[in-house]
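Undergrad: Attaching a predicted model along with its sequence, questions to come.
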Amino acid sequence: MLRSFAAVTDDNTEILTVGTMPGTASLAAGEYYAHKRNHFWPIIFALFNGGRTLTSYEEKIALLLSHKIGLWDSLEYCDRQGSLDKDIRRERPNNFKALFQSRPKIKRVVFNGLAARNYFLKYNSVSDGREYVLMPSTSPANASKSFEDKLLLWRRALDIGGRVIANK
């Protein structure tokens, strides 16, 4: 069984970005969105760091948390060959009820792709007053949208409370 990572949140987290399950590159690196062609970190850098790339995972996480954004996955465990969500078997969900109780400021959940949303909905209710937003996956397997298209959509999804986002 593959195991996901712990939630990346703090007491100020207002937006939770939810993926499905880390891919092979991420599991090997022990970091969310570690695949070199995944658009997640380039989008974050474009929105919150003037396009400047950070190489340290600790710096990447600090950047997210400084903008009240957290990370987690719909699934805690699963069987899967490779990195594709369609190959997931025997999944076990993460405990979002406990996370939301411990992080009550989370008011928006942004799903990084359809599979993340579908697995979340399979095990959780969305009638809790939070806003739930489906975004196109940042995975390199999702070539249906360009980086620029994804950037525009993610900009809208991650803007909360009038926060200043670069390149608006």
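TA: Noted; the coordinates are in hand. Numbering: from 1, shown residues only.
Undergrad: any chance you could read off phi and psi for the most centrally placed residue in the chain?
TA: In the chain, the centroid-proximal residue (CA atoms, centre = their mean) is residue 17; its distance is 3.4 Å. Backbone torsions for residue 17, taken as degrees, to the nearest 10, come to phi -90, psi 130.
Undergrad: Kindly state the beta-bridge partners for it.
TA: For residue 17, the beta-bridge partners under DSSP bridges are residue 71, residue 110.
Undergrad: Could you check how far it is from residue 68?
TA: Computed as CB to CB, to the nearest Å, the residue 17 to residue 68 distance reads 11 Å. Any C-beta I mention is one placed from the backbone N, CA and C, and that applies to glycine too.
Undergrad: go on, residue 137?
TA: Residue 137 sits 22 Å away from residue 68, going by CB to CB.
Undergrad: Could you double-check that residue 135 sits in contact with residue 152?
TA: No - counting by CB atoms under 8 Å, residue 135 sits too far from residue 152 to count as a contact (10.9 Å).
Undergrad: higher neighbour count, those two?
TA: residue 135 (22 against 12; other CB atoms under 10 Å).
Undergrad: Model confidence for the more buried one, exactly?
TA: If you check residue 135, the pLDDT there is 94.
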